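no sequence for this one, just the structure:
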């Protein structure tokens, strides 16, 4: 058997060592071993980090959708350092006010110059303003940097209501608007008695439709909360039937046009009976043929 040359032996030995090294498994590094031992812990920490990041992104998105929240945060931050210029109420502008007391409006707004404008709630202020008897509708705006704008629609004075010797201005719905400075409202119809304020509008409308009667009326008096008497400027009383006031006024207009009935010295004209008109003369007045009872055309009006 032939022997290999001595020069080839070192090469063969080197190749044998390389093959052995290739087959032998490599030992992991210390970092890899540390990461492998803490794999579960690192997985949990990663999930927690992602959750916190997601919540942060969601919060930023909500703040981006609510710029007022960012302004409030900035205002509170400035307030902690001292009130910053441009973030406080500088002007309260009120439009449409004629009779509503300014003091009542300012009390309902609950803000004043110098207070943080971002703490002012326009919606709550609107609700409080519309609780004032004078105010029918209110529109409130907060105009940055420092203006509060109020636009009012006031209730309109409709009549003066007398009850128990006290006088008040009421609107068409019968709500009391004022009990002082009544002369500021100019001439208004006078209604008297319990319940007169709630039912006055319909009666006043009827009188405006019959100006020949309406211009002679001094007061509209509610009787027993059921029917009306008309007190004329000459002192006479017109007793109207319950529920048939319109028909009675039409008949009274016709009688006055024909007989000048309301120019006579009468204490009262009783129209409550459906088939007759009862006239009562003034005391010491000369009797007239029509001073006791005047037949009238049949009417559907029942006795009041």
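Arrived safely, thanks for sending. No experiment lies behind these values; they were computed from the predicted model shown.

quick one, helices of the stretch 151-300 of the chain?
196-209, 211-214, 245-259 (DSSP state H, counting those that start in this stretch).

could I get those as CSV with distance to residue 118, mean pLDDT and mean neighbour count?
In short, each C-beta sits where N, CA and C put it, glycine included. Formatted as CSV, these follow (distance: least, CB to CB, whole Å; pLDDT from 0 to 100; neighbours: other CB atoms under 10 Å):
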stretch, distance to residue 118, mean pLDDT, mean neighbour count
helix 196-209, 43, 95, 18
helix 211-214, 55, 94, 15
helix 245-259, 57, 94, 16
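
need those in a markdown table with distance to residue 228, can you?
Below are those laid out as a markdown table (distance: least, CB to CB, whole Å):
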| stretch | distance to residue 228 |
| --- | --- |
| helix 196-209 | 6 |
| helix 211-214 | 12 |
| helix 245-259 | 6 |
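
among these, which is nearest residue 238?
Nearest to residue 238 among the helices of the stretch 151-300 of the chain is helix 245-259; the distance by CB to CB comes to 6.7 Å.

which helices and strands does that closest one pack with?
helix 196-209, helix 211-214 (3 or more CB pairs under 8 Å, 6 or more residues apart in numbering; DSSP states H and E).

pLDDT of stretch 158-171, averaged?
In this model, stretch 158-171 has a mean pLDDT of 94.

name the surrounding residues that touch that stretch.
155-157, 172, 174, 176-179, 182, 185, 188-194, 196-197, 200-201, 204, 219 (CB atoms under 8 Å, 6 or more residues apart in numbering).

before we move on, back to that, could I get the helices and strands packed on helix 245-259 as JSON lines with distance to residue 94?
Supplementary listing: the helices and strands packed on helix 245-259 in JSON lines, determined by distance: least, CB to CB, whole Å:
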{"stretch": "helix 196-209", "distance to residue 94": "28"}
{"stretch": "helix 211-214", "distance to residue 94": "37"}
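
for residue 91, which of these is the nearest?
That would be helix 196-209 among those, by CB to CB, at 38.4 Å.
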